[in-house]
Structure formats: structure tokens, C-alpha cells
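K.L.:
fold the stuff below for me.
(chains A and B)
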Amino acid sequence: MTALAIEGIGVVGGFGCGLDALRQALDSGFSPIGALKTGPGEEEGSRPAFLAESSQLEAFLPKRAFRRIDHFARLALLGSHLALQDAGRLEENRQRLGVVIATGYGAARTTFSFLDSVLDDGDTCASPTNFSNSVHNAAAAHVSILLGATGPSLTVSQFEMSVFSALLTARQWLLEKRVDAVLFGGVDECGPVLGYCHERFFGEECKEMTPLLFDRQSAVVGEGAAFFLLTRGGEGAGRYGFLSDLGFGRLSAGGPKMPGNALLLIGADGHARCGAGYGALVPRGAEVAAYAPLYGSLPVGSAFDLAVAGLTLREGRVFAQPGPAPENVLWRAASPGALGDRPVCGLKIDGEGVFGSFTVQHGPS
Amino acid sequence: MNFRAPVAVTGLGCLCAAGNTLGECTETLFTGRRSPSPPGRFSTTHPVSYPVFEVPDAALSESAGEEAGLLRTSRLALAAAREAVADAGWSSADLGALRVGVCVGTTVGSAMNNEEFYRQYREGGRPEMTPIERFLLSNPAAAISRAYTLNGPCQTVVNACASGTDAIGLAASWIRAGLCDLAIAGGADELCRVTYNGFISLMIADTEPVRPFDSTRRGLNLGEGAAMLILESEALRRQKKGRARAFVLGYGSACDAYHLTAPSPEGTGLRRAIEEALETSGVAAAEIAFVNAHGTGTPDNDRVESRVLCDALPQVPFFSTKGYTGHTLGAAGAIESALTVACLERREIPASVGFSLPDPDLPGRPTEIAVAIRGRVALSESLAFGGNNAVIIFGSGDNS
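P.N.:
Numbering: from 1, shown residues only, chains lettered A, B, ... in the order given. All right, here's what the predicted structure looks like:
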């Protein structure tokens, strides 16, 4: 495939806001864990969660511009602005800028707020504001409106495969020259209902994620946004490398193909159901990392992996695997050191036998 | 890689209130019959009833096994996919040996909005997780891919009411790029209380049967359904010696970047989407034989659409099928694409049911009777929340 240049990255998550915050988390191997309510009332229980906050959006937009915009869309807006700022393209004309957003669950909190309006006051008092903001593409719409981006806009919801599926469209738009650049991002949010679901599905809470201990359930939910400015490249392009390959399909039909010397970022995020699958896929001798302990378990976690891949290439160094890793003779957990000319690959499997993969490398070919 | 090559449509499937198959739906269009009725599967406390277009449960009677436990949206999607796959002459086993992509548009099908679960949760009742498990199994594109054990790109497009059109345009792009040999592309959406209450809250639902482009129009009627198109690469079609019922010639999409729920008054995004679709299809505006309009029956949508159509495609006849199907949201663009192909094959377009009084504020008026067509190219368009506009252009197939 023709490689896409990664020109800017904007991230917000449990680790904080911006690439510096992500780098700091990668260097320290630590990200603060907050508390997510799991019940409907104030007195109800809570679970650990990597929570993101969007107050820095005020650095880009007047407060009144987003006062009616929900948390989910604010995360997307913040990620978008950070990516454009990082690329030095905040002021550019955006007539040929496409917007592609991947999300696992969309603005779930706003959906439940809409249901609150119905359950509290009856069908005739349903909230039009909450209804229109609960539609999955509302965040992409707010991004397009507030940035004046009039190219095509797309939102994809494919649970854990959302990022890979949406990247496919971003790539096609650029290859077909429908747009000059794509603002691509993954965004998901936490809320009390998600906390409740997590508690019911996975039981006892876990305070330390150990994703490389594949058979252990250690997922801690996360939320946030990771955005990228992608282009077709050109002179001086690819500040964070080039997205050179995208893979997707069914493991039973052959599985992913990745360069043997790659640093492998696996999307293992503390779910024992998928852990064994990763164990079977890691190539012998590979250097492996799973950075979910820095941003948590969320459907679009692969977007954060892509951000780490870009940062790794830009800085030319490997960040250590956060948390414990098993001793084994088949592969080794990432440790600080030079990346060299190796590519960085991302791999995600979904528990249904489906995989997605990406490769980011130094040059366009 | 040729980004502008026509992509063959070799199979079609469609079910909605107008019929359980594409053939039935097409016949309904030309009889002028329609059957909006109060919601039958749920109740509300609104003082008046807003008519909807429901699919009878009997249409989903083939759902069995795992499929029977899926959300209705995915069951609708699978029913349409079965018809389309059979129409294209493929068996399930055939598909397993090919690179097959799935691209499906939806709105409700990706929303975690089970009201009863949430009501129990709010009351502290620790609801059972069955509705959530069902939701997690029911991503429409994934459900189709899993049902046929397909290996290829898989995408659920959630671009509100443009989703179905976008899904077909994007899948055609996959075929041209060689990402898959065959794609199952379309849209699916079910009726539910959440969207029913939501559209009423926005005051864009009508208490009478919908009247697209009519001067008395007051809003939309919701509907449900699904349509799937089978798109094939030329290499595969040559190998199979299969016929094309139509070709996807071009696709365009653009965002108004204007308002979350209202279209740009000038229709800026729609104009650009039409321009892009014409440009990528390599056909002139004058070659378009007809337009299957979005035509929701809301005052804003129909005003913008009528003005843009009269400017961009003057003298081209247009109609709305929503008077027969209701507004099926994420499925609408796909259902209208399937009906567009059916009209190309039939060389005739239907009356725009619900229209009788021209609106002096609108420069164009839709078809009032069935009209024979001469051209071999047609356009279908969708406008959506978020300012999304999507346009797709079909050319006649081998036998038309």
C-alpha cells in the first residue's frame, strides 16, 4: 500500500492531555487511576478507571462554543485541535480536510441522559438536545463545524476493530485524492453504566493492569481521544513516521503478517478472554509491549497504540513495558533502548477471531 | 488502481414496510399503496400517534439459531443480505473462499440504548446483562461477516441518515482498490421508542402520513428495514460469467460544517457531494435520468434539496420513496439505492406519494405519476444529522 504520513498527534486520556503527558507516562510507566461510579446514585459504588478531562479545550475555543457539547464530543474536539496544533496546521484552510472518527460505543452517556429525560418526565418531555448529541456522528459533526472542515466526514463503530476499519477509509480518501488531509481519531468515554457493565462482566475490581500476563483478568476501563493528521506525504513529511500497512481479517484465514524485526505493540488490555490469542500470535524473538496500563481498556485503545508508535519512531527509542511481564523464552517485553531502523507494528484481536494490524515505519516505502 | 472504474452490482436484497423483498417493494412503489400505522411493537404516552412504517415480524421468520438472538437491526440486515447473496448467485460456501468485505450503515444498530435495562439500573435493580450481551453481538457489519465466516474489511458506518449511501460508496472504493473481491454493502435500522421519542422531541415528525415536497408537509414518518447490494470486482465477475444488474459509477460526500441537525440553507455540502459524484462517475448532469431524493418531508430538508436539485440537475425528474417506506434512517440510503437500481431496470419511476400541493417556496416539484425514463444513469442522495451529505450514481446493468 502507499504509506500515509503522520504529521500531527493529539491525545487526551488518563495520563493527561497532550503528547508531553503521554511521553511522561511512557517514561515513568505510570498513569493516575481515578474512580468511576458504577451506580445511579451518589452513594453507589465505584471502580478504578483511567479518566480523561477536557478543560484544555478552552485554549482553543471560547467556552460558549462548546457549552452544550457533551464530554464525548469535547474529547474529540480537544484531540482534533491538539493534532492540528502539533502539525502546525491550526490556521489552515480546511475545505479539503476529511474527518474520520472511530468509536466503540459512541456518546453512551448522552444516550443515557436522553433516556433519563424520558424516564423522569415522560415521553413528551424527551430532550431534543440529548437526542441529537447521542447520535454517533455528533462528535464528528462538532469537529467539522468548529474547525470549518467541509470535506467528507465519517464515523465508524466496530467495537475493538473500529480504529483499523476507520483507518482503512482514511487511507482510501487520501489515495483517491478526495481530500488533502484527514483528521483521524479514536474516541471513547466511560460512564456509570459502563462501570456497572464492567463490574457485572468481570467481577472484582483490579487496580493494576498486567496485560502481558495473558491469562489474568486485569482490565481497568479507560476513556480518551487520540487524533492524527494524516497526509499523502511529500517533502519533509512524516514527522511521526509513515503508516505503511493495514491488516484486517479473520485469524482462521491466516492472521496478521508483520515484519519480523518490528517492535510489536499488542492491544492486550487485561482481558483474559483475548490474552491467549495474543500469546499465540507473538512471533518468536519479538520485542513486545502493551501500553494499556497507561490509558486503560477501551475499544479504541489501538488509536493510543498508534500514537505511541508515532512517538517511538519520532524519538527513535523504545519505551519500557509498564508493569510486570512474564519471564519467557519466546519473546521479550519492551525495555528502554534505541529503536534503530525497525518498524513499529500494532496488533489487536477482538475475542471473536478477528484481528486488525498496522505498521508504522520511518520512510514512505 | 483505477479509482473511477464502474463497480458491478450483481445482487440486491431489500425489505421494509413496502415489502419483504426488493420485488415486492418495487411493486408497491408503482401501485401507490402505502400503509403507515401507529407503532405496533411499542407504546408511548404521546397524546397523539405518529404513524410509522413497520416491517411485519413474519419477514424475519427465517432468523434462527444465533441470529434469532440478535438485535432486530442485525436480523433485518441479515435478511436483506440473504436475498442479495442469493440474487447474485452465490452460496455461503462460495463466499467463504473469497475475500469478502462488509460495509453496513446504521444508527440504532450501534446504539446501546436498551430502555428496560437502563430503567432497572436507575432503580438500583442490578439488571441482567442479556441486553448488553445481545448489543455486543449485534454490530450489523460484524454480524453479517460472522454469519458467512467472511474474511475481509468490515465496517459499520454510523453517519446518521447518510450511512447507507456512504456504506455503498465506500465498499465500491474497496473493490476498486482490490481490498476485496466482493462486498456486501448497504444499511439496516429498526424502529424503536428511542428514535420515535427523539424525532418527536425535535418536532420534525408528522402526525399524518408523510408528504415529501408538498406545501403542507410537516415532518417525517419513521420506518425500518434494510437493503444490501452485492458489489463485485470485474475479475470475479468475468470468472463467474455473472450479470450486472447495475454499476456503481460514482460517489461523493461532503459535510456542511453548519449545524448539528439542520442542513445548510444553501445546501453547500449537498452541492459538493453531487459535484464529486458526477465527477467521479464521469457523467454529465444532463445524463442523469432521475434522482431518488432524500425527501424526508421535513420543511428544511425538502426546501434545501429542492433548491439544490433545481440548480445542479435542472429538468431532471425526482421523487421521494419515503412516502412508501418511511424514513429508515441508517438504512434509507441503501433502500433508496436498491429502489433506484430497480427503477433503472424497469425504466420507469414512481409517483412521489404524499405530494399533491406544490410549495411556492420550492423551485421544483417531484413526480406526480409514474413516468417512463430514457436514460441509463440515476442518482440517489442522502442528507443527514451532522451536515453529512452523500450521493451515489448508478448506471444501468447488462440487461437494462
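K.L.:
where do the helices of chain A begin and end?
P.N.:
A:19-28, A:71-86, A:108-121, A:128-134, A:138-147, A:162-175, A:192-202, A:272-281, A:301-315 (DSSP state H).
K.L.:
the stretch 251-400 of chain B now?
P.N.:
In the stretch 251-400 of chain B, the segments counted as helices under DSSP state H, counting those that start in this stretch are B:268-281, B:299-312, B:322-325, B:332-346.
K.L.:
most remote residue from chain B's center?
P.N.:
residue B:124 (39.1 Å; CA atoms, centre = their mean).
K.L.:
roughly how far is stretch A:170-182 from the heart of the chain?
P.N.:
21 Å (CA atoms, centre = their mean, to the nearest Å).
K.L.:
mind listing what's buried in it?
P.N.:
Buried residues in stretch A:170-182, counted by 16 or more other CB atoms under 10 Å in any protein chain shown: A:170-176, A:178-182. (Glycine included, C-beta is placed from N, CA and C.)
K.L.:
over to stretch B:70-87?
P.N.:
Neighbour count says stretch B:70-87 has B:70-85, B:87 buried, by 16+ other CB under 10 Å.
K.L.:
same check on stretch B:310-326?
P.N.:
B:310, B:312-313, B:316-326.
K.L.:
report the two of those residues separated the most.
P.N.:
Using CB to CB, the pair of those lying farthest apart is B:312 and B:326, separated by 26.6 Å.
K.L.:
coming back round to it: as CSV, the helices of chain A with distance to chain B would be great.
P.N.:
CSV is the format used below for these (distance: least, CB to the nearest CB, whole Å):
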stretch, distance to chain B
helix A:19-28, 27
helix A:71-86, 10
helix A:108-121, 5
helix A:128-134, 4
helix A:138-147, 3
helix A:162-175, 4
helix A:192-202, 5
helix A:272-281, 12
helix A:301-315, 15
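K.L.:
sorry, back to before: list just the nearest of the buried residues of stretch A:170-182 to residue B:119.
P.N.:
Using CB to CB, residue A:170 is the member of the buried residues of stretch A:170-182 that lies nearest residue B:119, at 38.8 Å.
K.L.:
show me what contacts the closest one?
P.N.:
Neighbouring residues of residue A:170 by CB atoms under 8 Å, 6 or more residues apart in numbering or on different chains: A:4, A:98, A:100, A:182, A:184, A:230.
K.L.:
before we move on, the earlier item: how about the helices of the stretch 251-400 of chain B, which one is nearest residue B:32?
P.N.:
When the helices of the stretch 251-400 of chain B are compared (using CB to CB), the closest one is helix B:322-325, at 8.6 Å.
K.L.:
one step back: so can I have JSON lines of the helices of the stretch 251-400 of chain B showing distance to residue B:12?
P.N.:
Listed next are the helices of the stretch 251-400 of chain B as JSON lines, based on distance: least, CB to CB, whole Å:
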{"stretch": "helix B:268-281", "distance to residue B:12": "19"}
{"stretch": "helix B:299-312", "distance to residue B:12": "25"}
{"stretch": "helix B:322-325", "distance to residue B:12": "15"}
{"stretch": "helix B:332-346", "distance to residue B:12": "5"}
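K.L.:
strands of the stretch 251-365 of chain A, residue ranges please.
P.N.:
A:263-266, A:287-289, A:317-318, A:332-333, A:337-338, A:344-349, A:354-361 (DSSP state E, counting those that start in this stretch).
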